[in-house]
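K.L.:
Sequence first, then the predicted structure, then my questions.
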Amino acid sequence: QTASIIQTRSGAALNPTITGTFFGLPSRPDVVPGQPRLNKGGKWTGDGVHTPTYYNAAAYAVPANYSGNPGDPTTLGTAPRNSLPGPKFFQWDFSGMKNFAITEGVKVQFRADLFNILNHPNFGNPGNMGICESVPSTVPFSGCSQANVTFTTVGQTIADADSTQVGYGTNRQIQLALKD
């Protein structure tokens with residue numbers, strides 16, 4: 001007997017912000033015309049220096065009239081809500097089992113379970129969606145006082161982020177069992 005489960009889904013929609021603040025309402029940046037949101041050839045685990053990240057930080061800028069007050073509707077940027085796709089998910093699990101008759105009344109089942117058989121990495125969502133690490137303390141703002149070098153960098157798989165190293169979102173795992 002065999003059994004198989006295939007799970008696949010598109011990534012969750014993500015919102016770029018001006019700063020990755022925890023408190024208050026985040027403010028949306030402006031979209032820079034002519035800049036693609038995604039880097040061709042970018043990697044989820046790119047460092048932005050040697051390997052480009054999947055997202056293009058140059059596609060967003062601080063609005064010219066940004067007041068520094070998070071959520072101020074007069075300084076809301078042009079970036080649409082949910083404008084970036086998160087990492088996609090794909091996992092194929094497979095099982096095979098065979099029953100053996102030892103005697104007339106005793107049977108043994110050998111079972112092999114393979115989780116994430118293709119060993120496809122499934123990354124978690126980026127932790128920080130802010131384009132700036134900080135903004136200047138003087139008004140009007142002309143941009144980031146310090147750019148966020150970790151903008152949209154993904155460093156963990158789903159299993160690492162959830163601290164679960166068995167099953168959903170993990171690397172390939174093989175489980176062998178013998179039961180009566």
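P.N.:
Arrived safely, thanks for sending.

K.L.:
CA only for contacts and neighbour counts going forward, please
P.N.:
Noted.

K.L.:
remind me which residues of the protein are low pLDDT?
P.N.:
For the chain, the stretches flagged by pLDDT under 70 are 20-26, 42-52, 67-72, 74-75, 127-128, 133-169.

K.L.:
Which stretches in it count as helices?
P.N.:
In the chain, the helices defined using DSSP state H lie at 158-162.

K.L.:
Kindly list the longest strand within it.
P.N.:
The single longest strand within the chain, with elements called by DSSP state E, is strand 89-101.

K.L.:
Please name every helix or strand in contact with that strand.
P.N.:
Strand 89-101 sits against strand 2-9, strand 107-115, with contacts defined as 3 or more Cα pairs under 8 Å, 6 or more residues apart in numbering; DSSP states H and E.

K.L.:
Going along the chain, name the strands of the protein.
P.N.:
Per DSSP E, the chain carries strands over the ranges 2-9, 13-14, 17-19, 30-31, 60-61, 84-85, 89-101, 107-115, 130-134, 146-147, 173-179.

K.L.:
strands paired with the fourth one, and their directions?
P.N.:
According to DSSP bridges, strand 30-31 forms sheet pairs with strand 60-61 (antiparallel).

K.L.:
got the contact list for the partner strand?
P.N.:
Strand 60-61 has contacts (Cα atoms under 8 Å, 6 or more residues apart in numbering) with 18, 29-32, 79, 131, 143.

K.L.:
repeat that for 7 Å
P.N.:
Applying Cα atoms under 7 Å, 6 or more residues apart in numbering, the contact partners of strand 60-61 are 29-32.

K.L.:
any idea which of those has the most stuff around it?
P.N.:
residue 29 (27 neighbours; other Cα atoms under 10 Å).

K.L.:
hang on, that residue packs against residue 17?
P.N.:
Yes - contact status for residue 29 versus residue 17: in contact at 5.8 Å, counting by Cα atoms under 7 Å.

K.L.:
And stretch 66-84, end to end?
P.N.:
This stretch, stretch 66-84, spans 22 Å end to end (Cα to Cα, to the nearest Å).

K.L.:
Flag every buried residue along the longest strand of the chain.
P.N.:
Under the neighbour-count criterion of 16 or more other Cα atoms under 10 Å, strand 89-101 has 89-95 buried.
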